[in-house]
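1. Give me the fold of what follows.
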Amino acid sequence: MSFVLGVVLFAAALVISVGWHEAGHMWAAQLTGMKVRRYFIGFGPTLWSTRRGETEYGFKAIPAGGFCDIAGMTPYDELAEEDRERAMYLQPTWKRLVVLAAGPFQNFLLGFVLVVVLGLGWGLPILGNQPVTVAAMECVAPSSQPDGTLDPCTGPAPAAQAGLQTGDRILAVDGHTVSSRGDLISKVQASAGASVDLTIERDGHRSRLQLPVQQVQRMVQDSEGTRYSATVGAIGVTLDTETIRHYNAVTVWGGAIGFTGDMFRETWNALLSLPSKVDDLWQAVTGGDRGDDTPVSVVGASRLGGEAVERGYWDMFLGLLLSVNFFLGAFNLVPLLPLDGGHMAIALYEKLRDTFRRRRGKIKGGPVDYYKLMPVTYTVVVVMGAFMILTVTADIINPIRVF
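-> Model prediction:
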């Protein structure tokens, strides 16, 4: 029952996120003097509506998003004569850009609020490269048990004798950047020399240390998850395993700003990687493994949200929701029609074109002919639709497993 509740809650939260996005467009249009004819949550037949001033508000039968109908969004919109001067396409460029950017901004704003809530309630996960910090140093055990337990050892810690200190942050091994705890371990284990050159940071200052490497027996794991015994390098360092940072009402704001910056970076990287994920999704649909880094659809995200609620992981629920909002905002800024970014690109093109025309003594040009852009627009719609179908199919046939 809690799983179903979680799915419903997450799906409802997604609809609210889209409605919040459209509300940004609506409020910005109203504030800049444009006419908003309709604001609806959902699509299809109207379930309920009411008119407030010049705008009709309501709900439609299919809760799959929402829309904001601004008079004259393109030159081809049908306009009442009294609305012509308020048509969006005839407004100054700055007004059009404000209205178009207001939707994605609302998603970023909601995402930031969720980041603050997550930080206060559960802490914020460390995204991207995790700091690799020395927690302790000890003697190097010569071998380990099949379950990974280290055998007893005696003697001083070689790392401490070489000058390493607890609290030092390890940045690189033999000149190669260290991005995580596992990355450091794999680099040291693969070392064939008698020592490794560590780049560390201590009290804000960087330095380099030569640490002796001892060849020991350890249980390791191959790419298929099979564990086996192997001879590897070890330096006798225990690392800080912190993956979540906790905050109070004062410190959460700085943490939330930093985390939001990391979210923008991760979202940007996710957008750039989308084309490369098509093959991974196809492999998942046709019987291959489903990678944890493959995109998920509304279906997959709602299922993950349901599983999170079922197990009481509300922090995961919020994390998924804020990730969706950051992605929704960023995706809509892509400069392709019919996305907001495509309309923004047209507004900027018209402004730039008219600036050059004015400098050459020519009059202002007319609106961009959207009909000439329809082939590109249809292509984008078809590609996005196909990608969505592929992602939904993968989420049904071979969903990402977190638990």
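2. could you point out which element follows the one helix or strand Gln210 maps to?
-> Element membership of Gln210 [criterion: DSSP states H and E] is strand 205-212. For strand 205-212, the following helix or strand on the C-terminal side (DSSP H and E) is strand 214-221.
3. Can you tell me which helices and strands that following strand packs against?
-> Strand 214-221 is packed against strand 227-234, with contacts defined by 3 or more Cβ pairs under 8 Å, 6 or more residues apart in numbering; DSSP states H and E. Glycine gets a C-beta too; all of them are placed from N, C-alpha and C.
4. List the pairing partners of the strand it packs on within its sheet, with orientation.
-> Neighbouring strands of strand 227-234 in its sheet, by DSSP bridges, are strand 214-221 (antiparallel).
5. What mean pLDDT does the strand it pairs with get?
-> For strand 214-221, mean pLDDT is 82.
6. In the stretch 101-250 of the chain, where is pLDDT below threshold?
-> In the predicted model, the stretch 101-250 of the chain carries pLDDT under 70 at residues 129, 192-193, 223-225, 241.
7. Helices of that one, start to end?
-> Here the stretch 101-250 of the chain has its helices, by DSSP state H, counting those that start in this stretch, at 158-161, 181-189.
8. so can I have JSON lines of these showing distance to Ile70?
-> JSON lines is the format used below for these (distance: least, Cβ to Cβ, whole Å):
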{"stretch": "helix 158-161", "distance to Ile70": "64"}
{"stretch": "helix 181-189", "distance to Ile70": "49"}
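9. Just send those back as a markdown table, with mean neighbour count too.
-> Shown next, in a markdown table, are these (neighbours: other Cβ atoms under 10 Å):
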| stretch | mean neighbour count |
| --- | --- |
| helix 158-161 | 19 |
| helix 181-189 | 18 |
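10. tell me the angle of the strand holding Gln210 relative to strand 227-234?
-> With axes from the mean of the first three to the mean of the last three Cα atoms, to 10 degrees applied, the angle from strand 205-212 to strand 227-234 works out at 110 degrees.
11. helices or strands up against strand 205-212?
-> Using 3+ Cβ pairs under 8 Å, 6+ apart, the elements in contact with strand 205-212 are helix 158-161, strand 195-202.
12. Quick check: buried residues in it?
-> Judged by neighbour count (16 or more other Cβ atoms under 10 Å), strand 205-212 contains these buried residues: 209, 211-212.
13. what's it in contact with?
-> With contact meaning Cβ atoms under 8 Å, 6 or more residues apart in numbering, strand 205-212 is reached by 158-159, 162-164, 171, 194-200, 235.
14. got it, and stretch 107-125?
-> Residues from elsewhere that reach stretch 107-125 (Cβ under 8 Å, 6+ apart): 17, 20-21, 24, 243-249, 252-253, 255-256, 259-260, 263, 314-315, 318-319, 321-322, 325-326, 328-329, 332.
15. Can you mark which positions in that stretch are buried?
-> Applying 16+ other Cβ under 10 Å to stretch 107-125 flags 107-108, 110-112, 114-120, 122-124 as buried.
16. Max pairwise distance over the residues you listed: which two?
-> Comparing every pair within the buried residues of stretch 107-125 by Cβ to Cβ identifies Asn107 and Gly123 as the most remote, at 23.0 Å.
17. so who does Val237 touch?
-> Residues counted as contacts of Val237 (Cβ under 8 Å, 6+ apart) are 134, 136-137, 159, 164.
18. Swap in 7 Å and give it another go.
-> By Cβ atoms under 7 Å, 6 or more residues apart in numbering, the contact list for Val237 reads 134, 137, 159, 164.
19. Might one say that Ala71 is in contact with Glu82?
-> No - checked against Cβ atoms under 7 Å, the pair Ala71 and Glu82 is beyond contact range at 10.1 Å.
20. The most centrally placed residue in the chain and Met384, how far apart?
-> For the chain, the residue sitting closest to the mean C-alpha position, by Cα atoms, centre = their mean, is Thr267 at 3.5 Å. According to Cβ to Cβ, to the nearest Å, Thr267 stands 17 Å off from Met384.
21. likewise Ala347?
-> Applying Cβ to Cβ to Ala347 and Met384 gives a distance of 22 Å.
22. Looking at the two, which one has more neighbours?
-> Using other Cβ atoms under 10 Å, the more surrounded residue of Ala347 and Met384 is Ala347, with 22 against 14.
23. List phi and psi for the more buried one.
-> In terms of degrees, to the nearest 10, the main-chain angles of Ala347 are phi -60, psi -40.
24. And Thr46, by the same measure?
-> According to degrees, to the nearest 10, Thr46 has phi -80, psi 130.
25. Gly342 touches Pro335, doesn't it?
-> Yes - between Gly342 and Pro335 there is a contact at 5.8 Å, judged by Cβ under 7 Å.
26. between those two, who's got more neighbours?
-> Here Gly342 and Pro335 are compared on neighbour count by other Cβ under 10 Å; more neighbours surround Gly342, at 20 against 14.
27. so who does the nearest residue to Arg265 once chain neighbours are set aside touch?
-> In space, and not counting its chain neighbours, Arg265 is closest to Gly128: 6.8 Å by Cβ to Cβ, 6 or more residues apart in numbering. By Cβ under 7 Å, 6+ apart, Gly128 lies in contact with 262, 265-266.
28. for stretch 153-168, which positions count as buried?
-> So, applying 16+ other Cβ under 10 Å, buried residues of stretch 153-168: 157-160, 162, 164, 168.
29. Can you tell me which of those is closest to Ala29?
-> For these, the nearest to Ala29 is Asp168 (54.5 Å; Cβ to Cβ).
30. distance of the closest one from Ala101?
-> With distances taken as Cβ to Cβ, Asp168 is found 44 Å from Ala101.
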